[in-house]
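Asker: Any chance you can model this:
(chains A and B)
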Protein chains: 2
Amino acid sequence: MAVPYTNCFQLPNVSSKCRLLCSSTRLSARFSPIHASLGTSEPALRLEAKNTWNFTRHRQVSTAVLVAETVECLVDPLLDSVKWDDKGLAVAIAQNVDTGAVLMQGFANREALLKTISSRKATFYSRSRSTLWTKGETSMNFINVHDIFLDCDRDSIIYLGKPDGPTCHTGAETCYYTSVDDSLKDAQVDDNRLVLTTLYSLESTISKRKEELSGSSEGKPSWTKRLLLDEKLLCSKIREEADELCRTLEENEDQSRTASEMADVLYHAMVLLARKGVKVEDVLQVLRLRFTQSGIEEKSSRKS
Amino acid sequence: MAVPYTNCFQLPNVSSKCRLLCSSTRLSARFSPIHASLGTSEPALRLEAKNTWNFTRHRQVSTAVLVAETVECLVDPLLDSVKWDDKGLAVAIAQNVDTGAVLMQGFANREALLKTISSRKATFYSRSRSTLWTKGETSMNFINVHDIFLDCDRDSIIYLGKPDGPTCHTGAETCYYTSVDDSLKDAQVDDNRLVLTTLYSLESTISKRKEELSGSSEGKPSWTKRLLLDEKLLCSKIREEADELCRTLEENEDQSRTASEMADVLYHAMVLLARKGVKVEDVLQVLRLRFTQSGIEEKSSRKS
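Answerer: Below is the predicted model of the structure:
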């Protein structure tokens, strides 16, 4: 589909060379060859890259030249729109696409952002070494970028992606494991409590209860431990809570009741996940892979 | 409980005045009066503040002086440990404690971090106005800080908190709503696709399907729409998926099967939440309030 260039890219400062290129090849932005160079594992993007390749072959234009020129055409105005500071930098935050964990924060310059866009590996500018560095280039724990976001001021960037492994050079999952509150309250702070949002904080608590099962037990075990120890009890609770959640709809109960019952479902199901050694992140990855492929709807439709 | 000062705070550069203060009052770090000035809504912290107040009254020491001096004693070494840049700043990222959403990013100087610690409202240093500013001081949409984390290099800070309302000055939930991929792919990018991690991206998709129900429908409705339209079907699916999740434990199925069934439970339960107008964030807030009070275990224990 041909798209007038004026609709092809909304950012300012588009060069006349770029206008000519887009016009002469009738390139739709939807078939931007930029994705041909992404090395992405996303099927949708692979398909897009293939389409692009076929499209450009059909036009009998040198693919390499076209890709390079079109990337320049589309990306340059975007890079121009970022408010780089007086050192040519912007803050770049890497965030786990599934869990939302902030993995690390560095700085990007124009080249680092461009490299991240084209390679889909989170890339930063090292202020101490005055060089680009791609997270994972030595550890192989790359952060595979799914999308990139700019903030309202265009001086802060989020690399939203999936890490191959621990992000921190210390081997920790993220670089944020020093709690100020712990430091101010606790005599024996061990500096290793990762910043965890609600779901993962609960997961961590359940996981600790599981670890404690192998130690000596004193007094009445906690409810979580009882569930972990008693498969029958756990499964009966999950079925019961799912039923109670449904009844908030069937019996037209109020929203707070629904939220409360859903919390029960989540908690008990998470105990089962812990029992099976499955992480919430694994579940979210399944969901992401499904719903980006419209898979949930297809699968569920087949089953019903 | 008396705690030797050397165990009271692990950071360096503790002044002799501070050592004397902690020693003479036998202040436990657990009963640090810092929390007396927090204005926190957390019951545990309110209790702690009350204990502190009683403690200091018992010691017949001027509370105001003690609080001020002990804050200085405990916080100064922490503030000293931050690697402020050549302008005295560090990156400060505000993150939603329940959803994990990165709300905004600013910079903090020593005073901004101190004010955040004491007020529990995310506070930054405005580089353009050369002044402190507390997010929400004009909009009243404060970010209520639950904990603060430093990264491994101690030059990046996360304010983990609960926002009172939208964070962005535009009224958007977060400041990150410009997708680079959208900008590079789509002719008509509308600049308002919030950065959403997997769970919230799915929630957003379900919500869109719900909105579409009020429009004209063509062809076979999607599975999500069918579930939204058919209460009986939806509830039967939730009960069925909960049962299948349990059977992965009862029948010793593999981990990938557990993750898959849990994904089914989550998706179908989220359709029910959408139908009832309940946000995942509301559910997570319920969980947070419960498990910080050991509420889940108590409540579940009573019910069983």
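
Asker: What are the boundaries of the helices in the stretch 51-200 of chain A?
Answerer: Along the stretch 51-200 of chain A, the segments classed as helices by DSSP state H, counting those that start in this stretch run A:63-81, A:110-119, A:180-185, A:198-212.

Asker: Make TSV out of those and add mean pLDDT, mean neighbour count and distance to B:Ile93.
Answerer: Backbone N, C-alpha and C define where each C-beta goes, glycine included. Shown next, in TSV, are the helices of the stretch 51-200 of chain A (pLDDT from 0 to 100; neighbours: other CB atoms under 10 Å in any protein chain shown; distance: least, CB to CB, whole Å):
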stretch	mean pLDDT	mean neighbour count	distance to B:Ile93
helix A:63-81	73	18	22
helix A:110-119	97	20	18
helix A:180-185	86	21	14
helix A:198-212	95	18	17
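
Asker: any chance of the ones you listed in CSV, with distance to chain B too?
Answerer: Below are these laid out as CSV (distance: least, CB to the nearest CB, whole Å):
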stretch, distance to chain B
helix A:63-81, 5
helix A:110-119, 6
helix A:180-185, 4
helix A:198-212, 4
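
Asker: so which of those comes closest to B:Ser183?
Answerer: helix A:63-81 (5.7 Å; CB to CB).

Asker: and whatever residue of the stretch 101-250 of chain A ends up closest to chain B, helix, strand or coil?
Answerer: Taking CB to the nearest CB, chain B has its nearest neighbour within the stretch 101-250 of chain A at A:Ala242, 3.4 Å off. Of the three states, A:Ala242 takes helix under DSSP: H, G, I helix; E, B strand; the rest coil.

Asker: how about low-confidence regions in chain A?
Answerer: Where chain A drops to pLDDT under 70, the residues are A:1-72, A:186-191, A:293-304.

Asker: in it, what residue is nearest chain B?
Answerer: Closest residue of chain A to chain B, CB to the nearest CB: A:Gly100 (2.4 Å).

Asker: How about the contacts made by the spatially closest residue to the residue of the stretch 101-250 of chain A closest to chain B that is not a sequence neighbour?
Answerer: Residue nearest to A:Ala242 in three dimensions, not counting chain neighbours: B:Ala242, with 3.4 Å by CB to CB, 6 or more residues apart in numbering or on different chains. With contact set as CB atoms under 8 Å, 6 or more residues apart in numbering or on different chains, B:Ala242 has these partners: A:238-239, A:241-243, A:265, A:269, B:265.

Asker: Quick check: B:Ala242 vs A:Ala263, distance?
Answerer: 15 Å (CB to CB, to the nearest Å).

Asker: I'd like to know which of the contacts of B:Ala242 is nearest to A:Lys135.
Answerer: A:Ala269 (32.8 Å).

Asker: which residues of the stretch 1-150 of chain A fall in strands?
Answerer: Here the stretch 1-150 of chain A has its strands, by DSSP state E, counting those that start in this stretch, at A:90-96, A:102-108, A:123-126, A:131-134, A:143-151.

Asker: Just the CA trace of the last one, in CSV.
Answerer: Extracted C-alpha coordinates of strand A:143-151, given in CSV (Å, rounded to 0.1, in the frame of the first residue of the first chain):
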residue,chain,number,x,y,z
ILE,A,143,18.6,-7.4,27.2
ASN,A,144,16.5,-8.1,24.1
VAL,A,145,14.6,-5.0,23.4
HIS,A,146,10.9,-5.4,22.4
ASP,A,147,10.1,-1.7,22.3
ILE,A,148,11.5,1.6,23.2
PHE,A,149,9.6,4.5,24.8
LEU,A,150,10.4,8.2,25.2
ASP,A,151,8.9,10.3,28.0
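
Asker: tilt between it and helix B:198-212?
Answerer: Orientation check (axes from the mean of the first three to the mean of the last three CA atoms, to 10 degrees): strand A:143-151 against helix B:198-212 gives 60 degrees.

Asker: how about strand A:143-151: buried residues?
Answerer: Along strand A:143-151, these residues count as buried under the neighbour rule (16 or more other CB atoms under 10 Å in any protein chain shown): A:143-151.

Asker: could the strands of the stretch 1-150 of chain A go into a markdown table alongside distance to B:Leu228?
Answerer: A markdown table is the format used below for the strands of the stretch 1-150 of chain A (distance: least, CB to CB, whole Å):
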| stretch | distance to B:Leu228 |
| --- | --- |
| strand A:90-96 | 29 |
| strand A:102-108 | 33 |
| strand A:123-126 | 41 |
| strand A:131-134 | 43 |
| strand A:143-151 | 27 |
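
Asker: Among these, which comes closest to A:Leu202?
Answerer: The minimum distance between A:Leu202 and those falls on strand A:90-96, with 16.9 Å, by CB to CB.

Asker: Can you tell me which helices and strands the closest one packs against?
Answerer: strand A:102-108, helix A:110-119, strand A:156-163, strand B:102-108 (3 or more CB pairs under 8 Å, 6 or more residues apart in numbering or on different chains; DSSP states H and E).

Asker: Following the chain past the helix or strand harbouring A:Leu272, name the next helix or strand.
Answerer: Following DSSP states H and E, one finds A:Leu272 within helix A:255-276. Using DSSP H and E, the next helix or strand after helix A:255-276 towards the C-terminus is helix A:280-291.
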